[in-house]
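Student: Turn this into a structure:
(one chain, ligands or ions: 1)
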Amino acid sequence: MGMLSRKATCNSHGQDSSYFLGWQEYEKNPYHETLNPTGIIQMGLAENQLSFDLPESWIAENPDAAGFKRNGESIFRELALFQDYHGLPAFKNALVSFMSEIRGNKVNFDPSNIVLMAGATSANETLMFCLAEAGDAILIPTPYYPGFDRDLKWRTGAEIVPIQCTSSNGFRITSAALEEAYSAAQKRNLRVKAVLVTNPSNPLGTTMIKDELNLLVTFVIAKGIHLVSDEIYSGTVFSSPSFTSIVEVLAGRPDCQGSDVWDRVHVVYSLSKDLGLPGFRVGAIYSSNRAVVDAATKMSSFGLVSSQTQYFLSAMLSDKKFTSRYISENQRRLKTRHDSLVHGLKEAGIRCLESNAGLFCWVDMSHLLREKTFKAEIDLWKKIVYEVRLNISPGSSCHCTEPGWFRVCFANMTEETLELAMQRIKEFVASASSAILRGGCERRRGRRHPSSTDKSLGKKFLTKWVFRLSSSHLREADDR
Ligand SMILES: Cc1ncc(COP(=O)(O)O)c(C=O)c1O
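Tutor: Residues are numbered from 1 along each chain as shown. Sure thing, here's the model as predicted:
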């Protein structure tokens with residue numbers, strides 16, 4: 001260990017959180033329809049596998065793009081040679097145009113403000129490298145994507161200070177929470193450099209409303225700090241309210257015209273979620289700040305997008321017929337899948353935060369906790385991973401402040417696998433409730449084994465209990 005650097009060996013990367021441990025457990029016993037039907041179903045991975053057939057058909061109709069060819073002629077040698085780190089102009093044009101299309105063409109992006117990076121992971125890390133260092137703080141609303149602990153803190157040495165959001169208002173950011181986080185950072189002698197938000201949110205699956213975005217802009221203007229908007233899920237918004245980019249909010253505010261706040265607002269994007277291509281490693285930083293763009297471009301040497309990927313995607317994304325069909329069809333499929341999950345969970349007496357985007361739902365299982373603690377949340381999570389054999393992500397791994405929430409992904413499996421997962425969870429809730437009932441009967445009558453009458457009584461009671469649970473949840477949802 002002494003041979004390695006302190007940064008390499010310190011554990012601020014967060015890789016030992018239950019979020020990543022769940023993936024490891026899944027790898028040991030992965031579900032397969034025929035080869036391992038009792039294995040763990042992976043519901044902890046935000047992958048979008050619902051629309052692969054669309055790019056596949058496009059490739060079949062456009063064989064040149066993936067075959068290193070232009071007008072039938074090989075361009076292998078051109079692509080194989082070193083490309084400079086500014087990226088292919090054709091690809092940057094196609095990418096900014098795709099980003100505008102996702103935002104309903106309400107926002108225009110200048111290709112000279114974009115820096116290509118190997119995914120949003122690389123983009124977030126590089127941006128943080130440009131903005132912050134040890135002794136600096138980034139404020140992030142909770143719950144947040146667990147990968148940020150690795151991406152933002154590990155190599156930069158900066159700290160994340162949480163903006164505490166709660167279920168009382170659907171985890172929306174409030175002015176009080178922003179101010180509290182700012183003071184908390186100051187108390188720790190940290191210099192606040194930025195607020196970072198994910199819009200639409202991972203893990204909530206919700207889009208930020210305009211009031212929230214305006215609140216953020218007003219806050220960063222007042223404090224003279226940066227605002228980073230990770231918009232990696234912008235193309236996954238499947239129902240209203242529609243997606244509003246931070247750039248649209250800035251453009252619409254008279255007080256921001258000609259203001260230096262434009263130099264302090266940066267967007268992170270990637271094709272990993274919207275196009276379902278995390279393996280291609282394509283991401284970007286968008287910023288109007290020339291110094292940030294220049295520094296990030298130099299840094300991009302550490303994580304370039306390969307030239308054949310840029311060539312292939314510039315051809316696909318320049319086909320407007322393809323992009324428009326893809327965007328709408330993908331959103332339609334996400335909505336159908338989201339609805340199936342919400343419906344299946346509701347049948348098990350479990351409710352989700354109402355959501356309109358993303359590849360997951362934010363699910364409230366607090367009623368299944370033995371007590372309202374994070375220890376009980378991890379115990380429940382272990383049961384769900386090892387006994388129910390579903391890998392979901394506990395809210396604590398996303399720094400949620402309330403125990404009992406879990407992120408459940410729905411777009412990385414077939415409809416049949418999702419149905420099986422719902423069947424498993426229903427059986428689990430039923431047996432967990434029977435155990436509660438048995439405990440109650442035993443307490444009332446003194447310890448003894450349950451009789452068949454107990455069991456049938458239990459069933460009736462259970463049905464009522466699940467019904468009561470779902471209706472009280474519906475009431476709570478209405479209250480939000
Ligand atoms: C909010 C957020 N940002 C960044 C990433 C990283 O994405 P990429 O695969 O493009 O590196 C993810 C992946 O899950 C994410 O959810």
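Student: In contact with the residue in the stretch 1-150 of the chain positioned nearest to the ligand, which residues?
Tutor: Nearest residue of the stretch 1-150 of the chain to the ligand: G119, at 2.9 Å (C-beta to the nearest ligand atom). Every residue, glycine included, has its C-beta placed from N, CA and C. Counting by C-beta atoms under 8 Å, 6 or more residues apart in numbering, G119 touches S270, S272, P278, R281, V282, G283, G303.
Student: How about T174?
Tutor: So T174 contacts C165, L215 (C-beta under 8 Å, 6+ apart).
Student: how about the helices in the stretch 51-200 of the chain?
Tutor: 53-61, 63-66, 76-80, 89-102, 119-131, 147-148, 175-187 (DSSP state H, counting those that start in this stretch).
Student: tell me which residues of the longest one are tucked away?
Tutor: Within helix 89-102, the residues that qualify as buried are 90-102, counting by 16 or more other C-beta atoms under 10 Å.
Student: Tell me how far the nearest residue to A134 once chain neighbours are set aside lies from the ligand.
Tutor: Excluding the flanking residues, the one nearest A134 by C-beta to C-beta, 6 or more residues apart in numbering is G157, at 3.4 Å. Separation of G157 from the ligand (C-beta to the nearest ligand atom, to the nearest Å): 20 Å.
Student: pLDDT weak spots in this protein?
Tutor: Scanning the chain for pLDDT under 70 picks out the ranges 1, 12-15, 435-480.
Student: rerun at 90
Tutor: 1-3, 5-25, 27, 78, 81-87, 150, 154-155, 301, 430-480 (pLDDT under 90).
Student: circling back to that earlier point, correct me, but the residue nearest to A134 touches E133?
Tutor: Yes: with contact defined as C-beta atoms under 8 Å, G157 reaches E133; the gap is 5.8 Å.
Student: of these two, who's got more company?
Tutor: G157 (15 against 12; other C-beta atoms under 10 Å).
Student: Name the residues of this protein found near the ligand, please.
Tutor: Residues of the chain lying near the ligand by C-beta under 6 Å from any ligand atom: 46, 119-121, 145, 147, 198, 202, 230, 232, 270, 272, 278, 283.
Student: In contact with L313, which residues?
Tutor: F91, A94, L95, L271, F280, V282.
Student: try A90
Tutor: Q310, Y311, S314, S318.
Student: Likewise for S270?
Tutor: G119, A120, A123, I232, V282, G283, A284.
Student: out of those, which is most surrounded?
Tutor: A123 (30 neighbours).
Student: where does the residue positioned nearest the centre of the chain fall, helix, sheet strand or coil?
Tutor: In the chain, the centroid-proximal residue (C-alpha atoms, centre = their mean) is N202; its distance is 2.9 Å. Put simply, N202 is coil when judged by DSSP: H, G, I helix; E, B strand; the rest coil.
Student: what's the burial count for the closest residue to it other than its chain neighbours?
Tutor: Leaving aside its sequence neighbours, N202 sits nearest to Y145 (C-beta to C-beta, 6+ apart; 4.5 Å). Other residues within reach of Y145, judged by other C-beta under 10 Å, total 24.
Student: OK, contacts around Y145?
Tutor: T198, N202, P203, D230, C398.
Student: May I ask which two of the residues you listed are separated the most?
Tutor: Pairwise distances across those peak at 14.1 Å for D230 and C398 (criterion: C-beta to C-beta).
Student: more crowded one of the two?
Tutor: Using other C-beta under 10 Å as the criterion, D230 and C398 rank with D230 on top: 28 against 24.
Student: what's that one sitting at in phi/psi?
Tutor: Here is the backbone geometry of D230 (degrees, to the nearest 10): phi -80, psi 110.
Student: Return the distance of R6 relative to R155.
Tutor: As judged by C-beta to C-beta, to the nearest Å, R6 and R155 stand 12 Å apart.
Student: what's downstream of the longest strand seen in the chain, the next helix or strand?
Tutor: What stands out as the longest strand in the chain, according to DSSP state E, is strand 191-198. Downstream of strand 191-198, the next assigned helix or strand under DSSP states H and E is helix 210-223.
Student: Next, the buried residues of that next one.
Tutor: Those buried within helix 210-223 under the rule 16+ other C-beta under 10 Å are E212, L213, L215, L216, V217, F219, V220, I221, K223.
Student: isn't the third one right next to I173, touching?
Tutor: Yes: counting by C-beta under 8 Å, I173 is a contact partner of L215 at 6.5 Å.
Student: contacting residues around the residue lying closest to G147 once chain neighbours are set aside?
Tutor: Using C-beta to C-beta, 6+ apart and skipping the chain neighbours, the partner closest in space to G147 is T121 (6.6 Å). The neighbourhood of T121, defined by C-beta under 8 Å, 6+ apart, consists of G147, D151, G283.
Student: beta partners of the last one?
Tutor: With DSSP bridges applied, G283 shows beta-bridge pairing to M117, S270.
Student: Would you confirm that it contacts I114?
Tutor: No: between G283 and I114 there is no contact under C-beta under 8 Å: 10.4 Å.
Student: quick one: the strands in the stretch 251-400 of the chain?
Tutor: Shown for the stretch 251-400 of the chain, the strands assigned by DSSP state E, counting those that start in this stretch span residues 265-270, 283-287, 351-352, 360-364, 390-391, 393-394.
Student: most packed of those strands?
Tutor: Neighbour counts (mean count of other C-beta atoms under 10 Å) averaged over each of those peak at strand 393-394, with a mean of 28.
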